[in-house]
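S.K.: Compute the structure for the input listed below.
(chains A and B)
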Amino acid sequence: MDKWECPCGYIYDPEEGDAESNIQIGTAFENLPDDWVCPKCGAEKEFFEKLE
Amino acid sequence: MIEWLIIGGGIHGTYLSHMLVNQADVARDDVRVLDPHVEPLAAWTRFTANCGMSYLRSPATHNIDIPILSLYRYAKSFRGNAIDAFIPPYNRPALDLFNKHCDQVIRDNRLAALRIVGRALSLEKNGRSITAETTAGRIKSRNIILAIGLGEQPYWPAWACSLKEVGARIDHLFDIGFQPAKTSDSSVTIVVGGGISSVQASLKLSDSLTGKVRLISRHRLRESQYDFDPCWIGPKCLKEFHRSDYGKRRDSVDRARIGGSATSEVLEEFRKAVSTGRLEFKQGCIRGASTDGRRIRLKTDTDTERADAVVLATGFLQERPGGPFIDEVIKSFGLKCGSCGYPIVGHDLRWSDNIFVTGPLAELQLGPCARNIVGARNAGRHLLNIWPSH
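M.R.: Model prediction:
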């Protein structure tokens, strides 16, 4: 599964999930809830870019 | 007449010229960047080289290209030739890689051709445009972006100014033409400061000088991976910031910037150097200084230190940048400032009908990240609000 990076530098890694927002390990970026935001800066999903 | 004149060609001015041409689709001929240095990013290159930076404190997404992942792509290309030049915890690029990437962005987008070498002297309103009086002649532009950084105001404490006046060997790391005084085996160079630049500079000087190097800091060396909490880059902290008045905004900016700290890997190298005797560290606040014409005596609150040369790594004066030029612009255009003296601007960073700001001048709108690389990117996003299609 792909990692996605926020403009602030935070990287969403499906292998880590996002415990702070109750996102389970193994959740693909595409399956994150629409209201999920970057846990570091609060940017919305649309600002993230897929890491190649 | 041109459409956009950017005054200041550092990271902010260069990035915004790129944004105007390649994101806002302004014609190249309608954008110019006025800067006193011949080379783009000259101040950045000088500061980072003088302090001996190896890795940036900011992540790879904070770069001067439009796509946020451009630096990764460059690193993977044969031109970057440095796929592993990032360090954790959040992919911070090596300075060398970052600078090569800047060169490539500037070259590929012909940004150097937009530059005019000169210094702004005054601005004058002419109907719907502005005429800039500069050392390179008069430039008429529809809009002005003030992209002036703190680079020309290195901070000299009063005791240091008195030493300089009597000809002592004291320099500031960020002075133009900074060269550490040559030393002998038995000499002592004291570095004064407590932030990442002072730690890096001490390490660099201990490599290049033959005598002893000692760092004196007012406080113990503190560890922080950031200049400020990343919440200030996005809505997490900025939403509340924008709801508060300008006095509170100034307090928030000052409190949020984690001054006097260094990253873990820099501190680790420093501690190693101290433990092997390559460097010395003393904690103390300098209360006074004198010289007998040969050696310098620094009186701290705990001790008296003697040195053959002193290097200041005391950062920049935190006053509004731009000096008399900005003072005059404020006066002649009747521009609004907060009680701290910094511009009060709109969401699109507009200070008047056709004057915009970025960098530290935009601090009361962009928050604590304003003067960093990511501040330029955020400024670009705000400025794009001018064009409804973006």
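S.K.: Now for residue 36, how many residues are close by?
M.R.: Picking chain A for this. 17 (other CB atoms under 10 Å in any protein chain shown). Using the backbone N, CA and C atoms, a C-beta is placed for each residue, glycine as well.
S.K.: my bad, the chain I had in mind was chain B
M.R.: Around B:Pro36 there are 16 other residues, counting by other CB under 10 Å.
S.K.: and what of B:Val166?
M.R.: 11.
S.K.: Now do the same contact list for the closest residue in space to it that isn't next to it in sequence.
M.R.: Once flanking residues are discounted, B:Val166 sits nearest to B:Thr291: 6.1 Å by CB to CB, 6 or more residues apart in numbering or on different chains. B:Thr291 is in contact with B:163, B:166, B:168, B:297, counting by CB atoms under 8 Å, 6 or more residues apart in numbering or on different chains.
S.K.: Contact residues of the stretch 151-300 of chain B facing chain A?
M.R.: Applying CB under 8 Å from any CB of the partner chain, we find that the stretch 151-300 of chain B lies next to chain A at B:230-239.
S.K.: of these, closest to B:Val357?
M.R.: Closest approach to B:Val357 among these (CB to CB): B:Leu238, at 16.7 Å.
S.K.: how close does that closest one sit to B:Cys51?
M.R.: B:Leu238 sits 29 Å away from B:Cys51, going by CB to CB, to the nearest Å.
S.K.: what do you get for B:Asn378?
M.R.: 25 Å.
S.K.: Return the subset of the residues of the stretch 151-300 of chain B next to chain A lying in helices.
M.R.: Among these, DSSP state H puts B:235-239 in helices.
S.K.: Let me know the helix or strand that B:Thr14 is in.
M.R.: Using DSSP states H and E, B:Thr14 falls within helix B:11-22.
S.K.: before we move on, what about B:Glu133?
M.R.: strand B:129-134.
S.K.: and if you look at B:Glu3?
M.R.: B:Glu3 belongs to strand B:2-7, assigned by DSSP H and E.
S.K.: hey, C-alpha coordinates of that strand in PDB?
M.R.: C-alpha atoms of strand B:2-7 as PDB (Å, rounded to 0.1, in the frame of the first residue of the first chain):
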ATOM      1  CA  ILE B   2       5.300  45.000 -15.700                       C
ATOM      2  CA  GLU B   3       2.600  43.300 -13.700                       C
ATOM      3  CA  TRP B   4       4.600  42.000 -10.700                       C
ATOM      4  CA  LEU B   5       7.800  43.300  -9.100                       C
ATOM      5  CA  ILE B   6       9.100  41.100  -6.300                       C
ATOM      6  CA  ILE B   7      11.500  43.000  -4.000                       C
END
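S.K.: Determine the set of other helices and strands touching it.
M.R.: With contacts defined as 3 or more CB pairs under 8 Å, 6 or more residues apart in numbering or on different chains; DSSP states H and E, the secondary structure elements packing on strand B:2-7 are helix B:11-22, strand B:31-35, strand B:129-134, strand B:137-146.
S.K.: Mind checking the pLDDT average for it?
M.R.: Across strand B:2-7, pLDDT averages out at 98.
S.K.: ok, the one residue sitting closest to the centre of chain A to B:Leu56 distance?
M.R.: The residue lying closest to the centre of chain A (CA atoms, centre = their mean) is A:Tyr12, at 3.7 Å. Taking CB to CB as the measure, A:Tyr12 falls 22 Å from B:Leu56.
S.K.: B:Pro67 now?
M.R.: Computed as CB to CB, the B:Pro67 to B:Leu56 distance reads 18 Å.
S.K.: and what of B:Ile130?
M.R.: 35 Å.
S.K.: and what of B:Gly323?
M.R.: B:Gly323 is 28 Å from B:Leu56, by CB to CB.
S.K.: Please say which of the two ends up with more neighbours.
M.R.: Neighbour tally, B:Gly323 and B:Leu56, criterion other CB under 10 Å: the higher count belongs to B:Leu56, 22 against 12.
S.K.: wait, isn't the more buried one in contact with B:Asn91?
M.R.: No. Contact criterion CB atoms under 8 Å: B:Leu56 and B:Asn91 do not qualify, at 10.1 Å.
S.K.: what's near enough to touch the nearest residue to B:Ala362 once chain neighbours are set aside?
M.R.: Nearest residue to B:Ala362, sequence neighbours excluded (CB to CB, 6+ apart): B:Ala370, at 5.0 Å. Under the criterion of CB under 8 Å, 6+ apart, the neighbours of B:Ala370 are B:253, B:358-363, B:378-379.
S.K.: Let's see that with 10 Å instead.
M.R.: Applying CB atoms under 10 Å, 6 or more residues apart in numbering or on different chains, one finds that B:Ala370 lies in contact with B:12, B:232, B:253, B:257, B:342, B:349, B:357-364, B:376, B:378-379.
S.K.: what does A:Glu52 give?
M.R.: A:2-3, B:69, B:72-73, B:76 are the contacts of A:Glu52 under CB under 10 Å, 6+ apart.
S.K.: Among those, which lie within helices?
M.R.: B:72-73, B:76.
S.K.: Chain A next: which of these are close?
M.R.: B:72-73, B:76 (CB under 10 Å from any CB of the partner chain).
S.K.: Sitting in helices, which of the contacts of B:Ala370 do you find?
M.R.: Counting by DSSP H, the contacts of B:Ala370 contribute B:12, B:253, B:363-364, B:376, B:378-379 to helices.
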